[in-house]
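J.: sequence? don't have it. structure:
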């Protein structure tokens, strides 16, 4: 893997990146931080022909994907993506004995099977929902996961700012959002995203695959501005970090 852009060290273009340096480059700031992590093809599709992001992953992207899970406190993901991608509670690695929590967002209180994965050797599983899910559904989720594993944030819709405050209060301060497009759009609209980690796979798939975001156009009308923070390349895959301009 080589550096194409590192504004912190402008003299580094073309320099090779060691495993230890890669950890440094992707480490979180000491403050609370929300980073989204996505991969797309060159023609902008977030999924392959089978409707899953896994089919457009590349080995460099997989390596950075795993590294960010090792570095974060929690992985935030929508319930639809959990089911489509076959998510389960996250297992420990050689780098990290205590895996990050898997935090699933569902306004309806839908409880995906991946959150029911046996706990042994895996991280916590939390459900973020809202009051509109209904008392019966909330009681069902609490019985399945445990009273403290269901976070109610918001009335009619999930209030992501409140949810992230609740996670931080539990020590889950560094969060990686892995999708899908609807959740990323909601995070952007709530103004709580700090950074976008994006890999561009060197392939074109055609079709009508989803983009990174979904739903109504974001405010302001000219979009949310980000600035490049890091750009790496390996075997044709481009891997970057873009920080939201505050």
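T.: Great, that's in hand. Computed from a predicted structure; not experimentally measured. Numbers count the residues shown, from 1 in each chain.
J.: Which helix in the protein has the most residues?
T.: Secondary structure of the chain per DSSP state H: the longest helix is helix 59-71.
J.: For the helix or strand following that helix, give the mean pLDDT please.
T.: Next helix or strand after helix 59-71 toward the C-terminus (DSSP states H and E): strand 74-78. Averaged over strand 74-78, pLDDT sits at 97.
J.: Same check on stretch 235-246?
T.: Summarised as a single mean, pLDDT over stretch 235-246 is 95.
J.: Next, the buried residues of that stretch.
T.: 237-244 (16 or more other CB atoms under 10 Å). No exception for glycine: its C-beta is placed from N, CA and C like everyone else's.
J.: same deal with stretch 113-130?
T.: 114-115, 117, 122-130.
J.: Check which helices and strands the helix or strand containing residue 24 sits against.
T.: For residue 24, the host element (DSSP H and E) is helix 19-26. Here helix 19-26 touches helix 59-71, going by 3 or more CB pairs under 8 Å, 6 or more residues apart in numbering; DSSP states H and E.
J.: Give me the distance from the helix it packs on to the chain's centre.
T.: Put simply, helix 59-71 sits 12 Å off its chain's centre (CA atoms, centre = their mean, to the nearest Å).
J.: Name the residues that touch that helix?
T.: For helix 59-71, contacts defined as CB atoms under 8 Å, 6 or more residues apart in numbering pick out 1, 22-23, 26-28, 35, 37, 39, 57, 75, 90, 93, 95-96, 99-100, 174, 176, 197, 199, 201, 232, 234-235, 237, 239.
J.: List the contacts of residue 180.
T.: Shown in contact with residue 180 (CB under 8 Å, 6+ apart): 46, 77-78, 80-81, 84, 210, 214.
J.: I should have written residue 153 there, sorry.
T.: 128-130, 159-160, 162-163, 166.
J.: Can you tell me which of those residues is nearest residue 109?
T.: Among those, residue 129 lies closest to residue 109 (CB to CB), at 4.5 Å.
J.: Poorly predicted segments of the chain, please.
T.: Counting by pLDDT under 70, the chain shows low-confidence ranges at 10-13.
J.: Check the spacing between the residue most central in space within the chain and residue 205 real quick.
T.: Centroid-nearest residue in the chain: residue 177, 1.9 Å away (criterion: CA atoms, centre = their mean). Residue 177 is 23 Å from residue 205, where distance means CB to CB, to the nearest Å.
J.: and residue 239, what are its phi and psi?
T.: In terms of degrees, to the nearest 10, the main-chain angles of residue 239 are phi -130, psi 120.
J.: How about it: which residues does it bridge to?
T.: Beta-bridge partners recorded for residue 239 (DSSP bridges): residue 199, residue 232.
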